[in-house]
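Student: pasting a predicted model and its sequence here:
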Amino acid sequence: MSKKVAVVCASNPGSLGMYSVDLAAVDFLSRNGIEFDLFTSHTLSRRGRYKLLQFGVDIGHRSKICFGDLVFKRLSNISQLRSYSHVLYWGDFTPNPIYGYEDFQRWEKRRDVRSTNSQSLEKWGHLFNLSGGRILPYVIAVGNNFQHDYHHAHHLYEKYLANLGANFDLILPRDKYSVDNLKKHINVSERHKIELGLDPAFLLRDENLDNTKKAENFFCYRFARSKLPLSKIYIHELEKMMGCESVHLSDWDIIKSSDAHFSFERYISDIKNSLFVITDLYHLAINAIRLNVPVFCLGNPVSRQQGSLGDFKKKILFDMLNIKSYYFEIDPSGHSDNAFIHTIKRELNDYKKNLVSIYEQKEKLTKNFEERLIKALVEER
C-alpha cells in the first residue's frame, strides 16, 4: 500500500500496557507495508522552560519523545496531520470527551503551567475531536473506549459527540458496549460509521521473541489500579494452594523509558511461560489473553465506567470475550471471602480442555478487526 499514516497515541509514558498498544501500531502497520509516523500530544519540556514561562516566553517544548523503542512526534496543531493519507486515533480514550475534560487537562497541568481548564479543553477538541471541522485525510478512531454515561452531563459532551459523527470517517470502538452507547449520541445519518473494533493491543504479535513454551511452575501478578484490599494475602494463599511461586511484574505500570522495551520483552516472556496471570490491570490482562495464557482479573463492583481508570472496562472485556468466569468483583471494604481463589484452581483444571472454545471469540474478533482496519486503510474520501 502506498500510504503514509499518522498514528495519534495517548500520552501515557511509564505504562507497559500502553506501550503494548502503541507497539501494536508499529507492528501492524510495518507488517502490512504501510509508512507511518507516531504522534502524541505531550512531550517532556526542556530544562528552563517553566522559568521562561514566568516572563511570558513560551518556548522549550521537545519536538519528539522516545519511550522504549518508540519515537513520537509532538502534536501541537492539527495542520501537522494534513499531509497524511490517513489519521488513526489509536486506542485508549483520546477522542472521548471524558478524556478532554479529565486526562488531557491533567497532562496539560503537568506539561504547560499556563493552560487554564477551558484552554486545555479547547486544545484537546482541536487535536483529538476535530472541533475545527473535517480534515483532508481519512480519519479513523481505532479501538477507543466510549462506555461512559453521557446523559448525566449531556450539555457538556453533546457537541463533542456530534463532532465524532460529523468529522470522523470511521469509528471502531473496542467493545460492543461502546458501539451501542456511542450510537445513542450520534446523529442517525452518521451511525453507519460506527463498527465493532477491538483494543489495538490485540494486534501485537511477538514473532521476534522466543515462542517456546517452557514448563515453568509459577504464576505472574501485578495489582496497581483498583486499590483492592488483601491483595498480598491473595497471592500468598494462591502460592500455597497451587504449590508454586509467584513472579511480581513490579514495573509494569511505572517503567522508565530507557528500560521499557527490555522490560516489556522480559515480562512478556514471563507471562508466556507462566501457569496463569492474576491482576487488576486492563492491558496486562489483554497481553495475557492475546498470548492464550489464563488470566484472572479483579475489580471493584461497578455498573458504569468512571474516568479512564475505572473497572467497568475490564468487566466488559471479559464478558465480550466469553471469559467472564475469569473476572471477579471484590468487595472494596475488605470483607470479601477468598472463594474466588478456589474458583481459580477449578478453572485452571478445566482450562486445557476448554482452550479452543475459551479463545475462539478472541481470535475471531482479532481477525475481523485486523481485516476491517486493512480495508479502511485503502479507503479515501
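Tutor: Received, thanks. Numbers count the residues shown, from 1 in each chain.
Student: please point out which parts of the longest helix along the chain sit buried.
Tutor: Longest helix in the chain by number of residues (criterion: DSSP state H): helix 339-376. Within helix 339-376, the residues that count as buried by 16 or more other C-beta atoms under 10 Å are 340-341, 344, 347, 358-359, 362, 365-366, 369, 372-373, 376. No exception for glycine: its C-beta is placed from N, CA and C like everyone else's.
Student: could you tell me how far that helix lies from the centre of the chain?
Tutor: Relative to the centre of its chain, helix 339-376 is centred 18 Å away, using C-alpha atoms, centre = their mean, to the nearest Å.
Student: for stretch 190-207, same thing?
Tutor: For stretch 190-207, the gap between its own C-alpha mean and the chain's C-alpha mean amounts to 11 Å (C-alpha atoms, centre = their mean).
Student: same thing with stretch 322-331?
Tutor: Centroid displacement of stretch 322-331 relative to its chain, using C-alpha atoms, centre = their mean, is 20 Å.
Student: and if you look at stretch 279-287?
Tutor: What separates the centre of stretch 279-287 from the centre of its chain is 10 Å, taken as C-alpha atoms, centre = their mean.
Student: just give me the closest of the buried residues of helix 339-376 to Glu237.
Tutor: Taking C-beta to C-beta as the measure, Glu237 lies nearest Ile341 of the buried residues of helix 339-376, at 5.5 Å.
Student: got a list of what the most centrally placed residue in the chain touches?
Tutor: Central residue of the chain (C-alpha atoms, centre = their mean): Asp92, 4.1 Å from the mean position. Residues in contact with Asp92 (C-beta atoms under 8 Å, 6 or more residues apart in numbering) are Cys9, Ala10, Asn12, Met18, Val21, Tyr99, Asn144, Asn145, Ser308.
Student: hmm, which of those residues are the buried ones?
Tutor: Cys9, Ala10, Asn12, Met18, Val21, Tyr99, Asn144, Asn145, Ser308.
Student: show me the residues you listed that map onto strands.
Tutor: Cys9 (DSSP state E).
Student: among the buried ones among the contacts of Asp92, which are located in helices?
Tutor: In helices, defined here by DSSP H, the members of these are Met18, Val21, Tyr99.
Student: quick check: closest non-adjacent residue to the second one.
Tutor: Right, Val21. In space, and not counting its chain neighbours, Val21 is closest to Gly91: 4.3 Å by C-beta to C-beta, 6 or more residues apart in numbering.
Student: quick check: the one you found vs Leu38, distance?
Tutor: Using C-beta to C-beta, to the nearest Å, Gly91 is found at 12 Å from Leu38.
Student: compare those two (neighbour count), which wins?
Tutor: Neighbour totals were compared for Gly91 and Leu38, and Gly91 leads with 30 against 23 (other C-beta atoms under 10 Å).
Student: give me the phi and psi for Glu108.
Tutor: phi -60, psi -40 (degrees, to the nearest 10).
Student: count of neighbours near it?
Tutor: Glu108, neighbours per other C-beta under 10 Å, totals 22.
Student: that one touches Leu127, doesn't it?
Tutor: No. Between Glu108 and Leu127 there is no contact under C-beta atoms under 8 Å: 11.2 Å.
Student: can you show me the strands along the stretch 1-150 of the chain?
Tutor: Counting by DSSP state E, counting those that start in this stretch, the stretch 1-150 of the chain has these strands, from start to end: 4-9, 35-40, 64-67, 70-74, 86-90, 138-142.
Student: would you mind giving the domain segments of this structure?
Tutor: 4-203+365-376, 218-362 (automatic domain parsing).
Student: residues contacting stretch 243-260, please?
Tutor: 13-17, 19, 66-69, 217-222, 224-225, 235, 238-239, 263-264, 267, 270-271, 274-275, 279, 281, 284.
Student: residues of stretch 297-305 that come out buried?
Tutor: For stretch 297-305, using 16+ other C-beta under 10 Å, the buried residues are Cys297, Leu298, Gly299, Asn300, Gln305.
Student: mind listing which of those residues are in strands?
Tutor: Residues of the buried residues of stretch 297-305 located in strands (DSSP E): Cys297, Leu298, Gly299.
Student: how near is the last one to Thr40?
Tutor: Pointing back at Gly299 there. Distance of Gly299 to Thr40, computed by C-beta to C-beta: 28 Å.
Student: repeat for Tyr359
Tutor: If you measure Tyr359 against Thr40 using C-beta to C-beta, the figure is 32 Å.
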